[in-house]
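Visitor: Quick one, what's the 3D model for this:
(one chain, ligands or ions: 1)
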Amino acid sequence: MKYFAGIDIGSTAIKISIVDENKNLIGSKISASGSMFYKYAQETLDALINELELNNNDIAYIVATGYGRKLYKEADENISEITANAIGARAAASDFGEIKTIINIGGQDSKAISLDNEGNVVNFAMNDRCAAGTGKFLDVVALKLEMDVNMLGEHHFRSKGTPLSVSSTCAVFAESEIIGLLGNDHSIEDIVCGVHYSIAKRIVKLVKRVGIKGDIYFDGGPALNSGLVNAIENELGQRIFVPKHPQITTSFGAAIMGVDSYNYENS
Ligand code: ADP
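Guide: Purely as a prediction, here's the structure:
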């Protein structure tokens with residue numbers, strides 16, 4: 001059996017997925033991108049190969065994607081994260097329905113991608129100018145409120161009443177706005193919920209730029225935040241599909257692409 005690796009070197013995290021010849025996901029690993037993209041990507045790949053009890057020779061083809069993809073010279077191919085995301089989303093949601101709209105929130109950007117019936121990318125919109133509406137924004141908020149990002153969802157659902165308005169779109173100003181809200185005796189739960197709705201409003205505007213159609217898929221690390229998922233669904237007025245492992249969708253798509261490229265090159 002041959003295996004195929006997809007390496008997504010993102011601004012915040014490196015995600016690696018390995019699939020078999022039948023495009024089944026057999027393992028994945030996530031590590032921090034840090035400052036040495038190449039070194040950490042290689043270490044993460046070696047660790048995953050080891051965990052799966054494979055050898056380097058078992059990996060027939062490697063596809064790199066994400067911000068740092070060009071730094072991973074050992075890759076057989078590199079592709080844009082938008083293409084990889086689309087391929088991964090369609091595969092991960094194949095039992096759910098026909099995904100035609102993708103929301104991806106990463107560490108430093110957010111994207112809305114529109115697909116046609118065959119899963120080809122027909123349009124996309126991206127916010128990568130500032131941290132507003134990104135994982136970084138949530139990281140800053142969590143740090144200020146002295147909690148881990150994985151606790152934001154739990155706090156969100158403890159908030160009652162109309163969500164608090166958090167108007168700052170810049171992570172730096174949001175921090176001072178949060179200090180002001182804490183000073184006015186607003187609860188941490190209400191602040192977290194307000195932050196989620198402020199991000200959700202921005203994301204919905206972004207999605208509307210590409211047009212909402214078909215089933216909607218939400219991925220990237222912040223899709224692990226159930227409170228943010230809830231706010232986006234309420235702002236959209238529609239359910240969204242979140243895969244079990246939302247952070248690895250793009251690396252999964254890159255690995256699947258590797259199977260096709262390898263078969264094409266060896267046909
Ligand atoms: P990138 O591809 O740009 O590196 P990711 O899709 O890996 O970004 O997302 C990174 C972001 O995911 C982090 O900034 C953090 O806010 C968020 N995140 C990671 N793990 C969790 C978690 N368990 N719960 C909530 N948010 C998370």
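
Visitor: Whichever residue of the stretch 151-267 of the chain sits closest to the ligand and F96: what is the separation?
Guide: In the stretch 151-267 of the chain, the residue that lies nearest the ligand is G221 (1.9 Å; CB to the nearest ligand atom). Just so you know, the C-beta spots here come from the backbone N, C-alpha and C atoms, and that holds for glycine as well. Look at G221 and F96: by CB to CB, to the nearest Å, they are 20 Å apart.

Visitor: in what helix or strand does A112 lie?
Guide: strand 110-115 (DSSP states H and E).

Visitor: Going by neighbour count, list what's buried in the helix or strand following that strand.
Guide: Sequence-wise, the next helix or strand downstream of strand 110-115 (DSSP H and E) is strand 121-127. Under the neighbour-count criterion of 16 or more other CB atoms under 10 Å, strand 121-127 has V121, F124, A125, N127 buried.

Visitor: try stretch 175-186
Guide: E175, E177, I178, L181.

Visitor: go on, stretch 108-117?
Guide: In stretch 108-117, counting by 16+ other CB under 10 Å, buried: Q108, D109, S110, K111, A112, I113, S114, L115.

Visitor: Just confirm I49 is within a helix.
Guide: Yes - assessed by DSSP: H, G, I helix; E, B strand; the rest coil, I49 belongs to a helix.

Visitor: Now for the closest residue to it other than its chain neighbours, how many residues are close by?
Guide: In space, and not counting its chain neighbours, I49 is closest to N56: 6.3 Å by CB to CB, 6 or more residues apart in numbering. Residues near N56, counting by other CB atoms under 10 Å, number 9.

Visitor: Quick check, N56 in contact with N50.
Guide: No - checked against CB atoms under 8 Å, the pair N56 and N50 is beyond contact range at 9.9 Å.

Visitor: pLDDT-wise, which helix or strand of this protein ranks last?
Guide: Ranked by mean pLDDT, DSSP states H and E, the weakest helix or strand in the chain is helix 171-183, scoring a mean of 84.

Visitor: I'd assumed A13 was in contact with G221.
Guide: Yes - here G221 reaches A13: they are 6.5 Å apart, a contact under CB under 8 Å.

Visitor: which residues are common contacts for the two?
Guide: Common neighbours of G221 and A13, counting by CB atoms under 8 Å, 6 or more residues apart in numbering, are G107, Q247.

Visitor: Please, where are all the strands along the stretch 151-267 of the chain?
Guide: 215-219 (DSSP state E, counting those that start in this stretch).

Visitor: low-scoring pLDDT stretches of it, where are they?
Guide: Along the stretch 151-267 of the chain, the model assigns pLDDT under 70 to residues 169.

Visitor: Can you name the residues of it sitting close to the ligand?
Guide: Residues of the stretch 151-267 of the chain that fall close to the ligand, judged by CB under 6 Å from any ligand atom: G220, G221, P222, L224, N225, Q247.

Visitor: Neighbour-wise, give me the winner out of the residues you listed.
Guide: Of these, with other CB under 10 Å as the count, P222 tops at 30 neighbours.

Visitor: Backbone torsions only: list them for the nearest residue to it once chain neighbours are set aside.
Guide: Using CB to CB, 6+ apart and skipping residues adjacent in sequence, the residue nearest P222 is I105, 4.2 Å away. Backbone torsions of I105, given as degrees, to the nearest 10, read phi -120, psi 120.

Visitor: May I see the buried residues of stretch 108-117 arranged in a markdown table, with pLDDT and distance to the ligand as well?
Guide: A markdown table is the format used below for these (pLDDT from 0 to 100; distance: CB to the nearest ligand atom, whole Å):
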| residue | pLDDT | distance to the ligand |
| --- | --- | --- |
| Q108 | 91 | 5 |
| D109 | 92 | 7 |
| S110 | 95 | 10 |
| K111 | 96 | 10 |
| A112 | 97 | 15 |
| I113 | 98 | 14 |
| S114 | 98 | 20 |
| L115 | 97 | 19 |
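
Visitor: And the residues you listed, which is closest to G133?
Guide: S110 (4.9 Å; CB to CB).

Visitor: and the longest helix seen in the chain, which residues are buried?
Guide: Using DSSP state H, we find that the single longest helix of the chain is helix 188-210. Judged by neighbour count using 16+ other CB under 10 Å, the buried positions of helix 188-210 are 188-204, 206-207, 210.
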